[in-house]
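1. Provided below are the primary sequence and the corresponding predicted coordinates.
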Amino acid sequence: MEEKLDLVDFLNAFRSFFARPKPLAIEGDINLHYAYIQELRNYNFNTPPQVDALDTALQHLRKQGVLSIEEIFSFIKIIRYFLYLHSIEFEGKVGEWISSIEIPDEIRQIEGYFDEEGKIRSQVDERLLALENALSHTKEQIRQKLQGLLNTKKLQSYLVDRQIHYINGEEALLVRGGFNHVLKATVVGRSSAGFFYVVPRDLSNLKDKEADLLSQIEEIHYEIQKRISSIFTKWLKFLEFINRQFDRFDHYQARINFAKAKDLALILPKNDHKIVLKNFAHPAIENPKPVSIDFSKKILIITGVNAGGKTMLLKSILSAAFLAKYLIPMQCDPKSHIGRFKEIIPIIEDPQNVKNDISTFAGRMLAFSRLFQKNDALVGVDEIELGTDSDEAATLFKVILEELMKKDIKIAITTHHKRLASLMAAHEDVELLAAMYDEEKGVPTYEFLQGIIGKSYAFETAKRYGIPQRIVARAVEEYGEDQAKLSELIERGSELERELRRKNAELQKELDLLQKNRILLDEERSAFYERLQAEKAKLQALYKEAIDEAKAAIKAKETKEAHRHLTQAARKVKNAKIQKPEPKELKVGDEVKYKKTKGVILGIRGKEATIEAEGMKLRVPLADLKPTKIVKKKEKSKVKVSPPSKLSVKLDLHGLRVEEALEKTDKFLSDALMAGFDEVLIFHGVGTGKLARAVRELLKEHPRVKSFHDAPANMGGMGATVVEL
């Protein structure tokens, strides 16, 4: 697959971001993985350390085996990395996930046994500390002994240099041939120049001591390995779990860091088979020209100029689907829409070879025969007519493609068969795409035009790639003007047919929109009628309540009692509830709406009705039906409230007694409130001030008076009061 789609180098570059080799696919819900990746890319964190695969080590633990130091340290590196992740304040789903990975205390303790290089610390065992000190002392003695030999006079002529070399873990001197005359030594290697690496025999005692110390250290290390392996076996389930979680995090970080390093986009595949690419660039092309295509239909037929990018476009479509399937970043607009496919099947290479013992066409037929057993697949076929007669192939592949269209398969093909393309163009589920050619410059543009059958430009391409002009001219002459016109007619006929279908589709779309708008208008009209009825009911309630309280206020003998009724009237107006209009009683012949369908009532029985909708008779509950035509309801008796006529905003109390003036003031305020006045003027004069004080006391106690004050000088001054209601 990777080779067929030219993705080998790109995917190898992606794999280099893994902490250890693993498959491209992430096990589990791809939508959940995408959500975790999107959250993680908001944080900065160190990349995980390089770790060996631990499947074999886990298998040893299942069999009570003893792990090597390297295997144990690989587990320790994973443990340390998750301890590091715990120190980052992740939030959301990532925070919950990381915090759920709790590392047992016994495992944490083992983590402290190793230094950063993976060596067991001397402090783990007292014997180790003593042995390592002794080993260090012995090594120093060996070094001093060698330094002494380097300074020996008789050895100077045989020395190549004055360095101590480490060959296979042993300290050695580099000498010329004939050294055995002056030095008893063992040869442990030879240099590229033919010199000898030797270990002097005088060091044998020290070397034996060194070997003995190393052996004792190895024994203690093995004891520690056994102890750690025993603890690891106890926590085997945890180690299996954290090993999987490490791979999961590794998948996430590799995608995030690869996308950042290459400036790529991560696209989540959708739960459909639609492919709409925007500015996609295939990674195998240097200085690519991004392509944008709409592959929403079941079959895409790509025609057009030779060497115009048809095959690369085909590979781009399959590559985009492949990369999206495995959540691998790609160079593409994030707004692209890429469907999800169970299988991606490229039929690109010529199957003919000696090993397969099969012809080109037979190999293609074998590949197509397998497609009839496939479902939920994206298929790419390059040069579909390869290997057989073009006229026969056009008819054969037309029938094959028509049968495959009935299955859950999406197919993109490249072809030079104009006849095949024109035959398939009649189908609604077939999209045409043509590779374009710049006739002025004589080169392909590597751009594609949707909806037409492209010309191959075989003669122009032959000339461009070195075929002599005279040969091309002769071929053009033999091809003939009539044949060229026939090709143009085929292309033009197909184009006109598709244009007609496109216009029909647009008209149908407009008709559907008009029908939808008509339904919406009917619904809005019904809703408006209901709101209107509700508002009328509300106003009736308001007026009735206000009138009842106003009447009670008028009948009340005492001023305070009247004020109480007026206050009550105001409160009732404020708290009045909307009375919903009574539902219309449905009858036979009424036009009604049932869910999203409109129909007419044919009959009513009990709580059910029989309706005719879209040519079908349905029996449905009456409660689920809504009238679609507004029916005028009989006018109900209404109470009409008329504000007092000839009402003024001024009241003159001159010459009245206090009791008579207060009664008149109270009535004046009530009338003003009902009339909706915001401000009135009361003339009471100055005199002794008795009437003015009485009026203002009344105003203080009145619940609907907001404030009052002396009138301006030009309106009566202290002899009048302005009242705000």
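-> The structure has been received and is ready for your questions. The model shown is predicted, which means the values in this text are computed figures rather than measured ones. Residues are numbered from 1 along each chain as shown.

2. For the stretch 101-250 of the chain, just list every one of the strands.
-> Ranges of strands in the stretch 101-250 of the chain, per DSSP state E, counting those that start in this stretch, are 165-167, 170-175, 185-190, 196-200.

3. which stretch among these comes nearest residue 365?
-> strand 185-190 (62.7 Å; CB to CB). To be clear about C-beta, it is placed using only N, CA and C from the backbone, and glycine gets the same treatment.

4. Packing partners of that closest one?
-> Applying 3 or more CB pairs under 8 Å, 6 or more residues apart in numbering; DSSP states H and E, one finds that strand 185-190 contacts strand 170-175, strand 196-200.

5. how about a cut-off of 10 Å?
-> Using 3 or more CB pairs under 10 Å, 6 or more residues apart in numbering; DSSP states H and E, the elements in contact with strand 185-190 are strand 165-167, strand 170-175, strand 196-200.

6. Save those as CSV, and put in mean neighbour count and mean pLDDT too.
-> Output for those, formatted as CSV (neighbours: other CB atoms under 10 Å; pLDDT from 0 to 100):
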stretch, mean neighbour count, mean pLDDT
strand 165-167, 15, 88
strand 170-175, 22, 88
strand 196-200, 22, 90
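
7. Those strands: which one's closest to residue 382?
-> Closest among the helices and strands packed on strand 185-190, using CB to CB: strand 165-167, at 57.0 Å.

8. still on that earlier bit, how about the strands of the stretch 101-250 of the chain, which one is nearest residue 719?
-> Nearest of the strands of the stretch 101-250 of the chain (CB to CB): strand 165-167, 120.8 Å.

9. Tell me the strands beside that closest one, with direction?
-> strand 170-175 (antiparallel) (DSSP bridges).

10. who touches the partner strand?
-> The contact list for strand 170-175 (CB atoms under 10 Å, 6 or more residues apart in numbering) reads 139, 142-143, 145-146, 149-150, 155, 157-167, 179, 182-183, 185-191, 193, 195-200, 203, 206-207, 210.

11. Just the buried ones among those, please.
-> 142, 145-146, 149, 155, 158-159, 165, 167, 179, 183, 185, 188, 195-200, 203, 206-207, 210 (16 or more other CB atoms under 10 Å).

12. Dump the helices and strands packed on strand 185-190 to CSV, plus distance to residue 246.
-> What follows is the helices and strands packed on strand 185-190, written out as CSV (distance: least, CB to CB, whole Å):
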stretch, distance to residue 246
strand 165-167, 35
strand 170-175, 38
strand 196-200, 42
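
13. To residue 673, which of those strands lies closest?
-> Nearest of the helices and strands packed on strand 185-190 (CB to CB): strand 165-167, 109.4 Å.

14. circling back to that earlier point, list just the one of the helices and strands packed on strand 185-190 that sits closest to residue 273.
-> Nearest of those (CB to CB): strand 165-167, 63.1 Å.

15. any residues touching the closest one, and which ones?
-> Contacts for strand 165-167 (CB under 10 Å, 6+ apart): 146, 171-174, 187-191, 197-199.

16. Of those, which is the nearest to residue 668?
-> Distances from residue 668 to the contacts of strand 165-167, taken by CB to CB, are shortest for residue 171, at 122.2 Å.

17. ok, now how distant is the closest one from residue 137?
-> 15 Å (CB to CB, to the nearest Å).

18. Also residue 474?
-> Relative to residue 137, residue 474 is positioned 94 Å away (CB to CB).

19. which stretches of the stretch 501-650 of the chain have low pLDDT?
-> Low-confidence segments of the stretch 501-650 of the chain (pLDDT under 70): 501, 548-584, 614-615, 629-647.

20. Would you map the strands across it?
-> With DSSP E, counting those that start in this stretch as the criterion, the stretch 501-650 of the chain has strands spanning 591-594, 597-605, 608-613, 616-621, 625-627, 650-652.

21. TSV please, covering the ones you listed and showing distance to residue 295 and mean neighbour count.
-> As requested, the strands of the stretch 501-650 of the chain are arranged in TSV below (distance: least, CB to CB, whole Å; neighbours: other CB atoms under 10 Å):
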stretch	distance to residue 295	mean neighbour count
strand 591-594	39	17
strand 597-605	35	15
strand 608-613	38	18
strand 616-621	37	12
strand 625-627	43	18
strand 650-652	82	16
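
22. still on that earlier bit, can you check which of the strands of the stretch 101-250 of the chain gets nearest to residue 410?
-> Nearest of the strands of the stretch 101-250 of the chain (CB to CB): strand 165-167, 62.7 Å.

23. what about that closest one, distance to the chain center?
-> Relative to its chain's centre, strand 165-167 lies at 57 Å (CA atoms, centre = their mean, to the nearest Å).

24. correct me, but residue 81 touches residue 48?
-> Yes. The pair residue 81 and residue 48 qualifies as a contact (CB atoms under 10 Å) at a distance of 5.1 Å.

25. Centroid-nearest residue for the chain?
-> Central residue of the chain (CA atoms, centre = their mean): residue 268, 5.0 Å from the mean position.

26. where does the stretch 301-450 of the chain dip in pLDDT?
-> Residues of the stretch 301-450 of the chain that meet the cut-off, pLDDT under 70, sit at 350-358, 387, 438-440, 442.

27. So which residues of it form strands?
-> 337-338, 343-347, 377-381, 409-414, 430-438, 443-450.

28. wait, doesn't residue 383 sit right on residue 361?
-> No. Look at residue 383 against residue 361 with CB under 10 Å: they stay out of range, at 11.5 Å.

29. Now for the nearest residue to residue 723 once chain neighbours are set aside, how many residues are close by?
-> Distances taken as CB to CB, 6 or more residues apart in numbering place residue 708 nearest to residue 723, at 4.6 Å, with adjacent residues excluded. Residue 708 has 19 neighbours, counted by other CB atoms under 10 Å.

30. neighbouring contacts of the helix or strand hosting residue 708?
-> Assigned by DSSP states H and E, residue 708 belongs to strand 707-710. Contacts to strand 707-710, defined as CB under 10 Å, 6+ apart, come from residues 679-680, 682, 692, 695-696, 699-700, 702, 716-725.
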